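J.: Sequence and computational prediction follow.
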Amino acid sequence: MTAVEFALVTPVFLAALFGSLDGGLLLYSANAVNHATGLGMIVLAQEGSQGTADTDAVAAVKSGGFTSTGFAQLDEVDVFLVQVDPVTGAVTQDTNSCAGSPCYNRYRGDGTPIGPVVWAPGQRSTASANLTDFGITVRTHYNYLAFNSATLNIADTRYLRLEPQS
C-alpha cells in the first residue's frame, strides 16, 4: 500500500470506526434513559402522595445508570398531571387543574425545582375510587465521543396511575 492510498483510506476507516463506537454508546444511553424513566415512574407510583415522591423519583432516575458513563447527562425531570379520555383512552396533559394553571413540576438533574412546585405530591389522590393519572418525562443530552461540540437530546415519557393506598 502506498502512502497516497493510506492517506485516502485512513480517514474513511477512522470515521467508520468512531461512528460505530458512537452509535453503540448512543444506543446504550438511549436504552439507559428509558430504564431510568421506568425507575422514576415506579417510585412515583409507589410513593403516591408522600411529600418526597418527586425528589425521590428524580434520585431514582439519576441512579438509573446512564449518568455513570459520562456520555449522557441528566438535564430535567418533569412530573405532570394527565387526563385520560374514558372512551378512547387518549392521554392529554392537564392544562388548568392547579388553580387555573397546568399541574406541571420541573426539576433539574440534581433535584432542585425549576420554578415553583405548583402540584405538590400531597394533592395526588391514592384513594381507590379516584386515582391520579400522571406522567414523567426525563430529558437528557448525549455528548458525542467523536465530535466534541455535538450533542443529541434524548427524552423519554411514561404515563402511570397511582397505586391505591386505601
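T.: Thanks, I have it. The structure displayed is predicted, hence computed values, not measured ones.

J.: Nearest residue to I114 in space, please, no chain neighbours.
T.: R106 (4.0 Å; CB to CB, 6 or more residues apart in numbering). To be clear about C-beta, it is placed using only N, CA and C from the backbone, and glycine gets the same treatment.

J.: In this structure the one you found contacts D54, no?
T.: No. The pair R106 / D54 is not scored as a contact, 10.0 Å apart, by CB atoms under 8 Å.

J.: Compare the two and say which is more crowded by neighbours.
T.: Using other CB atoms under 10 Å as the criterion, R106 and D54 rank with D54 on top: 25 against 17.

J.: Parallel or antiparallel, list what pairs with the biggest strand by length in the chain.
T.: Of all segments of type strand in the chain, defined using DSSP state E, the longest is strand 72-84. If you go by DSSP bridges, strand 72-84 pairs up with strand 91-93 (antiparallel), strand 104-108 (antiparallel), strand 133-143 (antiparallel).

J.: between the ones you listed, which gets nearest to L74?
T.: When these are compared by CB to CB, strand 133-143 sits nearest L74, at 5.5 Å.

J.: Sheet-wise, list the partners of the next helix or strand after that closest one with their directions.
T.: Sequence order places strand 151-161 as the next helix or strand after strand 133-143, per DSSP states H and E. Strand pairing for strand 151-161, determined by DSSP bridges: strand 133-143 (antiparallel).

J.: Let's see the partner strand as PDB, backbone CA atoms only.
T.: Extracted in PDB, the C-alpha atoms of strand 133-143 (Å, rounded to 0.1, in the frame of the first residue of the first chain):
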ATOM      1  CA  ASP A 133     -53.100   9.700  36.400                       C
ATOM      2  CA  PHE A 134     -49.900  11.500  35.600                       C
ATOM      3  CA  GLY A 135     -46.700  11.400  33.600                       C
ATOM      4  CA  ILE A 136     -43.000  11.700  33.900                       C
ATOM      5  CA  THR A 137     -40.600  13.000  31.300                       C
ATOM      6  CA  VAL A 138     -36.800  12.600  31.600                       C
ATOM      7  CA  ARG A 139     -34.800  15.000  29.400                       C
ATOM      8  CA  THR A 140     -31.100  14.300  28.800                       C
ATOM      9  CA  HIS A 141     -28.400  15.200  26.300                       C
ATOM     10  CA  TYR A 142     -25.800  12.900  24.800                       C
ATOM     11  CA  ASN A 143     -22.300  14.100  24.100                       C
END
